[in-house]
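[1] sequence? don't have it. structure:
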């Protein structure tokens, strides 16, 4: 088009923007946030904006981490606060993890009630004993960015929506002169007596309060500030302090702090706000959070939601979700779309935004920093997400993924230990799981051109992290090439993971022309061989004297040197060099048979019990999909010369492990990793070794997909004749040229174009 | 002088500045910080800069607020951390109150040791059981801005100095390969189990650490950040966490955090740093504090002391002290000068600076604020200091006093309760004592022209504070004109204090032409009459029904409606209207006789026990000088027509209540109030009713004084023939004109000039 003068140009621009807006399909209709809320999925059904700092969602119980002085296993079920199986709701809190296998958060539990004020949640079996209420799934609706539920006991309709940093509650009350909104500052997820280090509340005026909650939990030192604004002034308010006997309570005792007193502080506080309500009167509560200060929380509230009603916030956030979901437009059945877009939704929840609207955030050095040219993120469950989630972002969210690497670099720079994050959690490393997989995320993003920062500095951070001799056996790993089993309970999985990570560092070094570092780390990346026992064909713990551990059982995880996977699964964990692994395992045929055995064996119950975080449905034969270590394994048939088995197994996993029901996920969604696996695999390819530009081709489970890339290009995928029976790939054509090696390159996608799969019911063996 | 061109002008300016510098007398030689450290003075001997944020001083024991589950009276003795009576030192901490009767602080206790590491302080009777050391006063020296002591058990010489925000320690060690510097984060003043809400330490590098201590004490919610820099890198370091069993300790348990681990957090931590030392090797430790952040603490450290050695800091701070002390140059005996300049020193310690070098501070709203055009101060013990300390500042530190009013206004603006401070303590009100005497400080500063802010806004803050109906009986006071004794344990003293405060508000309103407010508050200022029982001639508690309390005893404080004073003392508390009080008490003669009785009576032991905070030496007859309510009383003889008795009593109080010895103060110095009384009274005048421009003339105890005022003028005072016997004032000449009414005006001082007293041994009755 030739530019024909400004006015017409502008008109056309407007028209095209408008067209673009209209072009978005209404994809949020396929998102069902209830998927994964039952059994082991650990997702939450509440409202969040894409990568939002606030995750406003119901809690269905208040299980304590400790019961009678001992660890209470029940707490594990409540990682996300909500369990589909439950019949009561205790309230709606502002922060939740999605799909994790350990937890924290649940800050600022809010609950509306009517009638006699009750400040305790009560019990599930006797909801009348507290402020909780029964509810039923008939009266519940969960959408991307919106949740509603009828609270049966109080006849209150509760609705939730959220901007990035502000949760918006709307409670529609019956007529009452005893309507209350409770703010329970003692509540929390993975809570226990002593977890609250300090809480503080300040009533700013008749409808605004601010404060903070400081906790010592999975994040050792964490403070979340809040600002809370009611659409209607409360007629009165009060608090109860459950701190019990205090050694010293100073001269604040001059005051009656229980009623209409504007400033309270302590460890165990509950507040309530009283209202008179008319029939069907709705009270909206905006609750903004900040990692920095109450002032920032107020600013977040005003800037993001100050002038917006509940309905406006909901519309805006759902538009944002729709925009994000439209980054991939697929054709398929309703159920396929539901699975696909719910997976998209789950991948766009974590990592979460960790900057205020003014760019400020609290760093690991406990100081306030300003993110000048990026959005800072937290909630990096990297052991899970380096595998498929971040690679997926490198395709579909490259700008955000670059910022995530910047966030990791900020973590590294601000951290006393000068390490890239293991599990970044609100200006803490909570040290969950193993490896130093940030280096994979960093390398993959840089190699794929998605990092705008100083790449050499990033490489330096990777190298420094990989050389922390005191961390989880790294020193021994460096000295011996493996970690003696006597020294470390997860000696084998650590060695395997380090070796892959080292390979990723080597790739980055090569990319940056740092030959010396490349040589050093490519050598380290072969260390996996040191734990491979050729005699039995399995990865096996090795002692300091070099001998392999006696009493070894490849089916068991417990005490065998692995974490979240037995040797049967971990023995395939050489994503950086399947060819060499195949050689050591006796060649392609033997290797493929071994894979067959993995997928068909029966894992006895005694060994299943070892495998954390999953239901019995989370495994196929001995292959554990509900945990991550084997996520690449089905693709290894490609290397063994039997790609049709990759195709068949991928389709089997997609079908068996992901269902469009609350109990549809066989294991924790793990901050989006399981969902990212689903998306990529159903598009037909998977990043077996992030840090490589190659994707292994599997079997697409969608009929058609268009990837709308940030660079303005589109990548179209069609799977001709695809069906539940036609799972085998007959031919693959990329922009008119056939792909024969079952490998797609990252640049094939980013350059735009068309990938056509010709599917068949017959394998091409 | 006629200006004769720039170069010569500049030369002359330089010359005159130089002259001015030379002009300073070496007055710090007369400061003895040990005065008041024994018995009830509650001063500390350590190093501080004028109005410094850091008060670096030794602790001689670690007494807990609670012992065996009960309040431990011993803790009271350790308000300032140090007791002259003690024989061991446990360490040197960064923050101390000067002269208070309740306490807190003692942050960041540092102790050098040699030999086997011991992390417990041990006991006074068995110092070997811990890190404490014996010391003797022979090996101790305290100066303004400098303190040194030999630690006998370890043979370490400890020296302390400080800038405004940085404490500098210098420890001269013997030769040792086991030298340690301990940082005890569990130590504190008025400490108890649970007072530490959270502590955090981060080892930045081989010689720098940062962190914070968050406490719940007299200040309910308080966090002090620190940065600590050693002049020599430690060879190793470690920590011990005394938190005991933790419900949850997360994945930090992966690490051995006890040794050379750079980031620790918990409630009960002790750290140590190890060195090899040569004979007489000195290690300097700079420890900066900040109310805002570790980054600010580091900035404070670098900006104030980064490039300075211990000796340079000491020289600079002592020069600053000398400059401050030279604001009044007196002639007198050594002892008189010691008393006088030690009093000056004690008045220039509090309030303390509460802004970082970058102007930031944490406000009562928990947010970070920037003091754009003033220094923000905290540590306002206003019930004490409104009487003489702030009036003294209006003469000799007008700029600072204006900033103190700005600090009070910031407190008011940032506080949820919208009140001027009662006792401002590190972004908290600790609510200690009674009245709303900030209004007196505000009114006095504005009336005397020392406030650069918005005076009408300040008046509004005063009025709002005085109308907080829920605070300590104010509502009843407003409604009934007195506080019913059934409702409030200090009903009479509250009413009397409110009445004076109301008068101060009225004066400010008059000054600003706010007639309506004037009328309202001048009326309220007469409420003292409602507690005056004409039948007995005493202030007396009154019940809700209007009747006076039965079983009344004017000698007792306990249960009689007063605080820190019995009716005998408080009945004279109408500083705003002595004439009216005299009338009600039966005329001048009867009034004077009653004063005579007060000064000559014997206060039986049973009633003395009621009187808090003082030694038996703190009273003269029944007159309690060790507490504040009667501080103006000796001057009331002037109103009764017997000024010679004022003169005699003032000299008696000066002589009996202030001695140049560690036990020289008869009561708490009370953040400088006792010392300010000394200075003003020994100069010959006193502000009986702050808010008035008038000073009552007493009897000067110095021979000669020059007040070097900030406006560039000087006010000279001479007391001709003054001696311990010549205490009576024969004649007073101000700038050649005789003063006959025993009243000096504030403007008489600020206009500069000369005041001559002609003294005699014979009274002029």
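    On my side now, so go ahead. Please read these numbers as outputs of a predicted model, since none were measured by experiment.
[2] need the contact list for the residue in the stretch 451-600 of chain A that chain B sits nearest to.
    Closest residue of the stretch 451-600 of chain A to chain B, Cβ to the nearest Cβ: residue A:472 (6.5 Å). Yep, even glycine has a C-beta here, placed from its N, CA and C like the rest. If you count contacts by Cβ atoms under 8 Å, 6 or more residues apart in numbering or on different chains, residue A:472 has them with A:434, A:488, A:490, A:494, B:254.
[3] Sketch out the low-pLDDT regions of chain A for me.
    For chain A, the stretches flagged by pLDDT under 70 are A:1-23, A:610-613.
[4] center of it - which residue?
    residue A:671 (1.6 Å; Cα atoms, centre = their mean).
[5] quick one, what contacts that one?
    Residue A:671 touches A:97-100, A:349-351, A:379-381, A:384-385, A:389, counting by Cβ under 8 Å, 6+ apart.
[6] Can you sort out which of those residues also neighbour chain B?
    Among the contacts of residue A:671, no residue is within reach of chain B (Cβ under 8 Å from any Cβ of the partner chain).
[7] In CSV, list the residues you listed along with secondary structure, distance to residue B:306 and neighbour count.
    As requested, the contacts of residue A:671 are exported to CSV (DSSP: H, G, I helix; E, B strand; the rest coil; distance: Cβ to Cβ, whole Å; neighbours: other Cβ atoms under 10 Å in any protein chain shown):
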residue, secondary structure, distance to residue B:306, neighbour count
A:97, coil, 43, 31
A:98, coil, 46, 29
A:99, coil, 48, 28
A:100, coil, 44, 26
A:349, coil, 46, 26
A:350, coil, 42, 27
A:351, coil, 38, 27
A:379, coil, 38, 25
A:380, strand, 36, 29
A:381, strand, 41, 30
A:384, helix, 45, 29
A:385, helix, 43, 27
A:389, helix, 45, 32
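[8] could the residues you listed go into CSV alongside distance to residue B:281?
    As requested, those are exported to CSV (distance: Cβ to Cβ, whole Å):
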residue, distance to residue B:281
A:97, 52
A:98, 57
A:99, 57
A:100, 52
A:349, 57
A:350, 53
A:351, 50
A:379, 49
A:380, 46
A:381, 50
A:384, 52
A:385, 52
A:389, 55
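[9] of those residues, closest to residue A:145?
    Relative to residue A:145, the closest of the contacts of residue A:671 is residue A:349; by Cβ to Cβ it sits at 11.1 Å.
[10] Quick check, the closest one in contact with residue A:48.
    Yes. Contact status for residue A:349 versus residue A:48: in contact at 6.0 Å, counting by Cβ atoms under 8 Å.
[11] Overlap in contacts, these two.
    What both residue A:349 and residue A:48 touch, as defined by Cβ under 8 Å, 6+ apart, is the set residue A:55.
[12] Phi, psi for the closest residue to chain B within the stretch 1-150 of chain A please.
    At 5.0 Å from chain B, residue A:66 is the closest residue in the stretch 1-150 of chain A, using Cβ to the nearest Cβ. With angles defined as degrees, to the nearest 10, residue A:66 sits at phi -120, psi 140.
[13] hang on, the earlier thing: so which of the contacts of residue A:472 is surrounded by the most neighbours?
    Most neighbours among these, by other Cβ atoms under 10 Å in any protein chain shown: residue A:494, with 26 neighbours.
[14] mind listing what that one touches?
    Counting by Cβ under 8 Å, 6+ apart, residue A:494 touches A:434-435, A:472-473, A:477, A:483, A:488.
[15] Among these, which one lies nearest to residue A:619?
    residue A:434 (21.0 Å).
[16] Now do the phi/psi pair for the residue of the stretch 451-600 of chain A closest to chain B.
    According to degrees, to the nearest 10, residue A:472 has phi 50, psi 50.
[17] swap in residue A:653?
    phi -70, psi -50.
[18] Could you count how many residues lie near it?
    Residue A:653, neighbours per other Cβ under 10 Å, totals 22.
[19] wait, isn't it in contact with residue A:681?
    Yes. The pair residue A:653 / residue A:681 is scored as a contact, 7.3 Å apart, by Cβ under 8 Å.
[20] on that earlier part again, report the two of the contacts of residue A:472 separated the most.
    Applying Cβ to Cβ across the contacts of residue A:472, the maximum distance is between A:494 and B:254, 11.4 Å.
[21] quick one, strands of the stretch 151-300 of chain A?
    Assigned by DSSP state E, counting those that start in this stretch, the stretch 151-300 of chain A shows strands spanning A:156-162, A:166-173, A:176-184, A:196-205, A:208-215, A:222-230, A:236-241, A:263-266, A:269-277, A:281-290.
[22] With distance to chain B added, can I get those in JSON lines?
    Shown next, in JSON lines, are the strands of the stretch 151-300 of chain A (distance: least, Cβ to the nearest Cβ, whole Å):
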{"stretch": "strand A:156-162", "distance to chain B": "24"}
{"stretch": "strand A:166-173", "distance to chain B": "19"}
{"stretch": "strand A:176-184", "distance to chain B": "16"}
{"stretch": "strand A:196-205", "distance to chain B": "5"}
{"stretch": "strand A:208-215", "distance to chain B": "7"}
{"stretch": "strand A:222-230", "distance to chain B": "8"}
{"stretch": "strand A:236-241", "distance to chain B": "12"}
{"stretch": "strand A:263-266", "distance to chain B": "4"}
{"stretch": "strand A:269-277", "distance to chain B": "12"}
{"stretch": "strand A:281-290", "distance to chain B": "11"}
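[23] Mean neighbour count for the ones you listed - can I get that in JSON lines?
    Formatted as JSON lines, those follow (neighbours: other Cβ atoms under 10 Å in any protein chain shown):
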{"stretch": "strand A:156-162", "mean neighbour count": "25"}
{"stretch": "strand A:166-173", "mean neighbour count": "26"}
{"stretch": "strand A:176-184", "mean neighbour count": "21"}
{"stretch": "strand A:196-205", "mean neighbour count": "20"}
{"stretch": "strand A:208-215", "mean neighbour count": "23"}
{"stretch": "strand A:222-230", "mean neighbour count": "24"}
{"stretch": "strand A:236-241", "mean neighbour count": "18"}
{"stretch": "strand A:263-266", "mean neighbour count": "23"}
{"stretch": "strand A:269-277", "mean neighbour count": "21"}
{"stretch": "strand A:281-290", "mean neighbour count": "24"}
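[24] who wins for proximity to residue A:643 among these?
    Going by Cβ to Cβ, the one of the strands of the stretch 151-300 of chain A nearest residue A:643 is strand A:156-162, 43.6 Å.
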